[in-house]
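> Generate coordinates for the sequence data below:
(2 chains)
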Amino acid sequence: MPDAVVAERVVKRYRAGEVEVTALRGVTFTLPERRFAALIGPSGSGKTTLLNMIGALDRPSEGRLVVLGEEVGHLSRRQAARFRAERIGFVFQDFNLIPVLTAAENVEYPLVMVQSWPAEKRRKRVAELLAAVDMTSEANKRPDQLSGGQKQRVAIARALATGAKLVLADEPTANLDGETAQRVIALMRRIRDEEGVTFLFSTHDPRIIGAVDTILRIEDGAVRMEAPKEAAHA
Amino acid sequence: MPRVILLAARNLTRLWRRSLLTGGLVAIGVVAVLLFVAAAGSFKAMMIGQITDSYLGHLQVHRRGYVAAVETLPLHLNMSARQARTVEEVAGTIPEIVAIAPRVKFGALFSNFNETTNIRINGIDPARELRVAPALPDRFLRGEREGLLERGEILVPELLARGLNVQVGDSVVLIATNRDGSVNGRTLKVRAIIAGVTGPGGRDGYIHIDDARAILRSPEAEVSEFVLRARDLDAIPRAAAALETAFAARAPEGQRPPFEVHPWERLSPFAAIANMIDVMALGIRVLLIAIVLVAVMNVMIMAVYERIREIGTIAAMGTPPGRILGLFLAEGFLLGAVGVAIGIGLAYGAVALLNVFPVTFSFGQQTGLLLRPTLPAEEVLLVGGIVLAVAILAALQPAWKAARLDPILALRHV
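Numbering: from 1, shown residues only, chains lettered A, B, ... in the order given. Below you'll find the model as predicted:
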């Protein structure tokens, strides 16, 4: 099975005022495709930094980072945008839906503004995705008319709209109640099973940690792969 | 592109009161400019039409030095018959000139047999005068317009008629000093009382050119000035240039031509007012640009600031920077377009109202002038174009900032 992410001695430094901070110190790991994985670690350990680099939003200072077969460290701003548009889906803690658009239009957004799909193909894809996240009946509601769980389901459908093979989710259940969080996790897991999409979560949420098949623990700027049971006991 | 415009329109509805307020501000600016242009433009066109069509003509040709001394209407600076023929010949060769009429001008004493006062007289050829000043009959307040004037008749300016209590049909006497210093007089019948108009010659009397020459005992058909009509107002500069070139070509080598050509602007002080109106119109347009620039830029800067996380989200999804730029430019454009649409609608409404309930005004000694504003389509297009261009320009900086935002920093924004 090909790998979704290959990190080799990835280092990330950035400047905080006068001080140079090393967020990641030679991270090395491999995440195969179709995994349902969690990136865990204490606050400030570099989870978001690593997720940003995997999502081609940021570049490593050193090392090699290959995502879905593409070495993302060398992509220009424009190439990175295209790579994200075609291959990566993002799910955010605060859902980040566009408030003036309906649920269907939010899902449709990347197909119109990021890629230019023809109208008929677009409508079909949106209908499929809304059905997949069980939001067909709420298609015409705006985000302020949806519950937190519904918003996150719309966000997941949006992340998958352009056929992303890797979904990066930053604390996707942090703003959801227990039952809703469980339903959203189950939904993502089903999508992984049915569509072969790799999910990588940055999370503290034990409900996610208990549901994933791979744990990437990040500590002191380094990553260690763990089996879910080890993480649960850690 | 239509989807970008649609999304931009949706974005403007987020804070619809703010968008409406900004559009309203732009609309007020557009209304102010269009109303000013409509009113001032109509006033200008009316006055220029009155000045050129009812007495001054489009251009005048004089013997060199005549205009500089025009206050005394110097008879010794009249053109000789030979010079007058030269001017007519030259004018006949210039396609931009459609009519030419001679005038003999002089100062005289005007008497109703009880009282006497001064008057400036134009001796005219009625048929030819009507071709260069077709609106002269419109100035008739009382008396027969048809044919304008016969030999033995005089058109008396209103102020003078009122002052001396002269009526149509009365007999009056004109007495003038001739070039040789002798004095001559003639009794004339008042054909009509004519309204005065603004500017030099606006309060002159008119008699037949043959009567004028008879009073002055002219030995030949001398002419004080030629009045010319160009094909239209735009053709005046070309006609003037052609006349000057032709006169220069006929002048003896090394000498200046004996004639001077004066477009109406150089003869009427209203030209300065017309220029001032143009400058004011320019000023008010600059003010409109400032209003649009400040209003739209303010809203767009706020919009970008308020939506930084959203910009980060769409950038993270892979939206190309150019499309983010386009989205915010479209919002600025739509704000301007809303203002333009409302403003043009209101301006047309206000102009229509001003035509249904006309406003009267006074200018100089003219009273009861009717303001009949019109909105030229090209002015509406120009103002609309300026506003839309400025609205896009105002949105450019915030839009550029949005397009260049680092998605990571934008997503972290609280």
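> Please name the nearest non-neighbouring residue to residue A:94.
Using CB to CB, 6 or more residues apart in numbering or on different chains and skipping residues adjacent in sequence, the residue nearest residue A:94 is residue A:175, 6.6 Å away. Quick note: C-beta positions are derived from backbone N, CA and C, even for glycine.
> Tell me how far that neighbour lies from residue B:310.
Residue A:175 sits 17 Å away from residue B:310, going by CB to CB, to the nearest Å.
> export stretch B:176-194 as CSV, just CAs?
Provided in CSV are the C-alpha atoms of stretch B:176-194 (Å, rounded to 0.1, in the frame of the first residue of the first chain):
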residue,chain,number,x,y,z
ALA,B,176,-25.0,110.4,-34.8
THR,B,177,-21.7,112.0,-35.4
ASN,B,178,-20.2,111.1,-38.8
ARG,B,179,-16.6,110.2,-39.5
ASP,B,180,-16.0,113.8,-40.7
GLY,B,181,-17.3,115.3,-37.5
SER,B,182,-20.6,116.4,-39.0
VAL,B,183,-23.9,115.4,-37.3
ASN,B,184,-26.8,113.7,-39.0
GLY,B,185,-30.2,112.4,-37.8
ARG,B,186,-33.1,110.3,-39.0
THR,B,187,-36.6,109.7,-37.8
LEU,B,188,-37.4,106.0,-37.4
LYS,B,189,-40.5,104.0,-36.4
VAL,B,190,-40.3,101.6,-33.5
ARG,B,191,-40.8,98.2,-35.0
ALA,B,192,-40.4,96.2,-31.8
ILE,B,193,-39.2,96.2,-28.2
ILE,B,194,-36.5,93.6,-27.7
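> Show me which residues of the helix or strand residue A:63 falls within are buried.
Taking DSSP states H and E as the criterion, residue A:63 maps to strand A:62-67. Going by neighbour count (16 or more other CB atoms under 10 Å in any protein chain shown), the buried part of strand A:62-67 is A:63, A:65, A:66, A:67.
> Could you export those residues as CSV, including distance to residue B:99?
Listed next are these as CSV, based on distance: CB to CB, whole Å:
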residue, distance to residue B:99
A:63, 90
A:65, 87
A:66, 88
A:67, 84
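> between these, which is nearest chain B?
Nearest to chain B among those, counting by CB to the nearest CB, is residue A:67 at 13.6 Å.
> sorry, back to before: so how far is the strand holding residue A:63 off the chain centroid?
18 Å (CA atoms, centre = their mean, to the nearest Å).
> helix or strand right after that strand?
Assigned by DSSP H and E, the successor of strand A:62-67 is strand A:70-71.
> Is chain B within reach of that following strand?
No: counting by CB under 8 Å from any CB of the partner chain, chain B is not contacted by strand A:70-71; separation bottoms out at 13.3 Å.
> That strand pairs with which strands, and in what direction?
Note on strand A:70-71: by DSSP bridges, its sheet partners are strand A:62-67 (antiparallel).
> Considering only chain A, name the residue that lies closest to chain B.
For chain A, CB to the nearest CB, closest residue to chain B: residue A:85, 2.6 Å.
> how about that residue, secondary structure?
Using DSSP: H, G, I helix; E, B strand; the rest coil as the criterion, the local structure at residue A:85 reads helix.
> okay, now the nearest residue to residue A:195 once chain neighbours are set aside: neighbour count?
Excluding the flanking residues, the one nearest residue A:195 by CB to CB, 6+ apart is residue A:160, at 7.1 Å. Residue A:160 has 24 neighbours, counted by other CB atoms under 10 Å in any protein chain shown.
> cool, and residue B:221?
16.
> one step back: CA atoms of the strand holding residue A:63 as PDB?
Output of strand A:62-67 as PDB, limited to C-alpha atoms (Å, rounded to 0.1, in the frame of the first residue of the first chain):
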ATOM      1  CA  GLU A  62      15.100  21.100   6.700                       C
ATOM      2  CA  GLY A  63      14.300  17.500   5.700                       C
ATOM      3  CA  ARG A  64      12.000  15.800   3.300                       C
ATOM      4  CA  LEU A  65       8.300  15.700   3.500                       C
ATOM      5  CA  VAL A  66       6.400  13.700   0.800                       C
ATOM      6  CA  VAL A  67       2.600  13.800   0.900                       C
END
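> Just the buried residues of stretch A:15-24, please?
A:23, A:24.
> Also stretch A:27-46?
Using 16+ other CB under 10 Å as the test for burial, stretch A:27-46 gives A:27, A:29, A:31, A:34-41, A:45-46.
> tell me the two of those residues that are most distant?
Distance extremes for the buried residues of stretch A:27-46: the farthest pair is A:34 and A:45 at 25.9 Å, using CB to CB.
> For residue A:85, grab the count of nearby residues.
19.
> From the buried residues of stretch A:27-46, which one has the minimum pLDDT?
By pLDDT, residue A:45 ranks lowest within those, coming in at 83.
> And that one, how far from residue A:225?
15 Å.
> centre of the chain versus the lengthiest strand in chain B, how much separation?
For chain B, the strand with the greatest residue count under DSSP state E is strand B:97-111. Mean-position distance between strand B:97-111 and its chain equals 25 Å (CA atoms, centre = their mean).
> Within the sheet, what are the partner strands of that strand, with directions?
strand B:116-124 (antiparallel), strand B:171-177 (antiparallel), strand B:225-230 (antiparallel).
> Go through those and name the closest to residue B:213.
It is, among the strands paired with strand B:97-111 and with distance given as CB to CB, strand B:116-124, at 6.8 Å.
> which residue ranges form the strands in the chain?
Because you didn't say which chain, this covers chain A. For chain A, applying DSSP E gives strands covering A:3-16, A:19-32, A:36-40, A:62-67, A:70-71, A:88-91, A:166-170, A:198-202, A:214-219, A:222-226.
> Switch to chain B, please.
According to DSSP E, the strands that chain B contains are B:59-63, B:97-111, B:116-124, B:140-143, B:153-157, B:171-177, B:183-194, B:205-208, B:225-230, B:259-263, B:359-363, B:366-371.
> Could I get those strands in JSON lines, plus columns for mean pLDDT?
Formatted as JSON lines, the strands of chain B follow (pLDDT from 0 to 100):
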{"stretch": "strand B:59-63", "mean pLDDT": "95"}
{"stretch": "strand B:97-111", "mean pLDDT": "95"}
{"stretch": "strand B:116-124", "mean pLDDT": "94"}
{"stretch": "strand B:140-143", "mean pLDDT": "92"}
{"stretch": "strand B:153-157", "mean pLDDT": "95"}
{"stretch": "strand B:171-177", "mean pLDDT": "94"}
{"stretch": "strand B:183-194", "mean pLDDT": "94"}
{"stretch": "strand B:205-208", "mean pLDDT": "96"}
{"stretch": "strand B:225-230", "mean pLDDT": "96"}
{"stretch": "strand B:259-263", "mean pLDDT": "95"}
{"stretch": "strand B:359-363", "mean pLDDT": "79"}
{"stretch": "strand B:366-371", "mean pLDDT": "74"}
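> For these, please prepare JSON lines with the additional fields distance to residue B:291.
Formatted as JSON lines, those follow (distance: least, CB to CB, whole Å):
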{"stretch": "strand B:59-63", "distance to residue B:291": "41"}
{"stretch": "strand B:97-111", "distance to residue B:291": "44"}
{"stretch": "strand B:116-124", "distance to residue B:291": "49"}
{"stretch": "strand B:140-143", "distance to residue B:291": "45"}
{"stretch": "strand B:153-157", "distance to residue B:291": "46"}
{"stretch": "strand B:171-177", "distance to residue B:291": "59"}
{"stretch": "strand B:183-194", "distance to residue B:291": "46"}
{"stretch": "strand B:205-208", "distance to residue B:291": "50"}
{"stretch": "strand B:225-230", "distance to residue B:291": "39"}
{"stretch": "strand B:259-263", "distance to residue B:291": "37"}
{"stretch": "strand B:359-363", "distance to residue B:291": "25"}
{"stretch": "strand B:366-371", "distance to residue B:291": "25"}
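> and residue B:36, what is it in contact with?
B:280, B:281, B:284 (CB atoms under 8 Å, 6 or more residues apart in numbering or on different chains).
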